[in-house]
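# structure for the following, please:
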Amino acid sequence: MMPFPSSDGPTLSLVIPCYNEQMVLHTLRERLSTVCDKLQHETVEIILINDGSKDTTWPLIQEWARQDKRVTAINLSRNYGHQIALTAGLTYAQGVRILILDADLQDPPELLPAMLDLMESEKADVVYGQRQTRQGERFFKCMSARLFYRLIDALSDTPLPANVGDFRLISRRVADHLSAMPEQARYIRGMTSWVGFKQVPFPYERQPRHAGETKYPLRKMLHFAADAITGFSVIPLRVASYLGALFGVIGLFLLIYVLGSWLMGETVQGWTSLMVVVLVIGSVQLLCLGVFGEYLGRLYMESKRRPLYLIDEVVTCADVSS
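Numbers count the residues shown, from 1 in each chain. Modelled structure (predicted):
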């Protein structure tokens with residue numbers, strides 16, 4: 001059941017999904033503690049979600065939670081993926097304002113006070129970090145990310161800002177609306193844009209990963225892109241329909257050409273041209289079937305109505321004191 005913020009609850013929540021982050025957790029803990037200690041007018045809670053890590057991430061998170069009363073450690077029953085783990089954290093967050101942060105420290109937690117000031121001055125519901133540079137990332141990843149943002153912005157009916165990840169500060173009502181959305185294939189940054197309300201950018205320089213390796217190899221990036229596109233656009237379905245109509249018209253002209261050749265007695269068929277026609281039309285048909293199958297598969301997964309995640313254990317400092 002979703003917990004609701006009480007009047008004496010935290011004013012600020014930090015939601016941090018973790019997957020195989022044993023090498024960075026010590027530094028993350030130091031830097032977060034320094035930032036939170038400076039927020040004298042905020043009551044802070046830190047929610048750490050272990051997304052089925054295979055290293056010592058969960059024991060380290062447990063130890064942190066038992067030693068710091070601000071920390072809630074959530075252990076998911078298995079690896080569900082970054083977006084589902086983030087959803088679990090947002091569901092349990094009770095703060096009036098909620099910061100979404102990755103554990104790898106590419107998005108500096110030290111920017112939190114400035115983001116809080118911007119949200120207050122602009123009376124905004126969302127302050128989203130907009131990357132000006134992407135330090136430590138390879139040329140291919142930077143170019144592919146740029147192409148992806150342009151593609152999703154062109155395809156989506158919802159305006160999606162470029163060079164924006166999940167690093168953002170959101171209000172309570174935005175978090176509640178996100179938690180109420182039931183879809184399985186989640187794209188949090190797109191869902192946040194869809195919610196609306198006042199949203200303002202916060203330009204910053206993205207840092208290199210502090211330690212370890214990226215949790216988004218090419219395969220996961222492609223899957224993530226498919227979730228984003230199919231979750232916020234039906235244009236691929238329309239493109240498939242347009243291609244079908246186009247090649248239907250071309251086929252009609254070819255039929256007229258074939259009948260005309262038969263009537264004129266010129267019925268010798270070229271093997272090369274025939275194979276080209278068959279391969280092109282067959283490829284387009286398979287492409288269209290693939291697009292339809294992608295959407296149909298997502299409808300099938302949604303129709304099961306399974307819970308987004310299962311929680312194995314929740315650890316807080318109160319568990320030790322009791």
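# now the strands for this structure?
In the chain, the strands defined using DSSP state E lie at 12-18, 44-50, 71-76, 97-100, 126-134, 164-171, 199-206, 311-316.
# how close does the closest residue to residue 110 other than its chain neighbours sit to residue 200?
Leaving aside its chain neighbours, residue 110 sits nearest to residue 35 (5.9 Å; criterion: Cβ to Cβ, 6 or more residues apart in numbering). Every C-beta, even on glycine, is put in place using the N, C-alpha and C of the backbone. Look at residue 35 and residue 200: by Cβ to Cβ, to the nearest Å, they are 21 Å apart.
# still on that earlier bit, which stretch in the strands of the chain is the model least sure about?
Of all the strands of the chain, strand 126-134 carries the lowest average pLDDT, namely a mean of 82.
# which elements pack onto that one?
helix 112-122, helix 139-155, strand 164-171, helix 188-195, strand 199-206 (3 or more Cβ pairs under 8 Å, 6 or more residues apart in numbering; DSSP states H and E).
# apply 10 Å and report the result again.
Secondary-structure packing of strand 126-134 (3 or more Cβ pairs under 10 Å, 6 or more residues apart in numbering; DSSP states H and E): strand 97-100, helix 112-122, helix 139-155, strand 164-171, helix 188-195, strand 199-206.
# tally of neighbours for the residue nearest to residue 82 when sequence neighbours are not counted?
Of all residues not flanking residue 82 in the chain, residue 17 sits nearest, at 5.5 Å (Cβ to Cβ, 6+ apart). Number of residues near residue 17 (other Cβ atoms under 10 Å) recorded here: 28.
# what's across from residue 17 in the sheet?
residue 49 (DSSP bridges).
# ok, now which ones touch it?
Listed by Cβ atoms under 10 Å, 6 or more residues apart in numbering, the contact set of residue 17 reads 47-51, 74, 76, 80-89, 100-103, 166, 215.
# let me know the pLDDT of the residue nearest to residue 110.
87.
# correct me if wrong: it contacts residue 109.
Yes: using Cβ atoms under 10 Å, residue 35 makes contact with residue 109 at a distance of 5.0 Å.
# any low-confidence regions in the stretch 1-150 of the chain?
The stretch 1-150 of the chain contains residues with pLDDT under 70 at 1-8, 134-150.
# contact partners for the residue nearest to residue 110?
Contacts of residue 35 (Cβ under 10 Å, 6+ apart): 14, 44, 99, 108-113.
# make it 8 Å
109-110, 112-113 (Cβ atoms under 8 Å, 6 or more residues apart in numbering).
# for residue 73, which non-adjacent residue is closest in space?
Residue 73 sits nearest to residue 65 (Cβ to Cβ, 6+ apart), 3.8 Å away.
# measure that neighbour to residue 14 for me?
Residue 65 is 13 Å from residue 14, by Cβ to Cβ.
# can you check residue 97 too?
10 Å.
# and residue 103, by the same measure?
11 Å.
# next: residue 111.
Taken as Cβ to Cβ, the span from residue 111 to residue 14 is 12 Å.
# ditto for residue 199
20 Å.
# check residue 184 too.
26 Å.
# okay, those two: which has more neighbours?
residue 14 (25 against 16).
# name all residues that make contact with that one.
32, 36, 44-47, 98-99, 101, 109, 112.
# from the residues you listed, pick the one nearest residue 307.
residue 47 (18.5 Å; Cβ to Cβ).
# please verify my assumption that that closest one contacts residue 89.
Yes: using Cβ atoms under 8 Å, residue 47 is in contact with residue 89, at 4.7 Å.
# anything in contact with each of those two?
Going by Cβ under 8 Å, 6+ apart, residues that sit against residue 47 and also against residue 89 are 15-16, 74.
# most neighbours out of those residues, which is it?
residue 15 (28 neighbours).
# what's the distance between that one and residue 289?
Residue 15 is 39 Å from residue 289, by Cβ to Cβ.
# what's the answer for residue 110, then?
50 Å.
# same question for residue 180.
Distance from residue 180 to residue 289, by Cβ to Cβ: 34 Å.
# okay, the strands of the chain in CSV with distance to residue 191 next?
Converted to CSV, the strands of the chain look like this (distance: least, Cβ to Cβ, whole Å):
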stretch, distance to residue 191
strand 12-18, 14
strand 44-50, 17
strand 71-76, 20
strand 97-100, 12
strand 126-134, 11
strand 164-171, 11
strand 199-206, 12
strand 311-316, 21
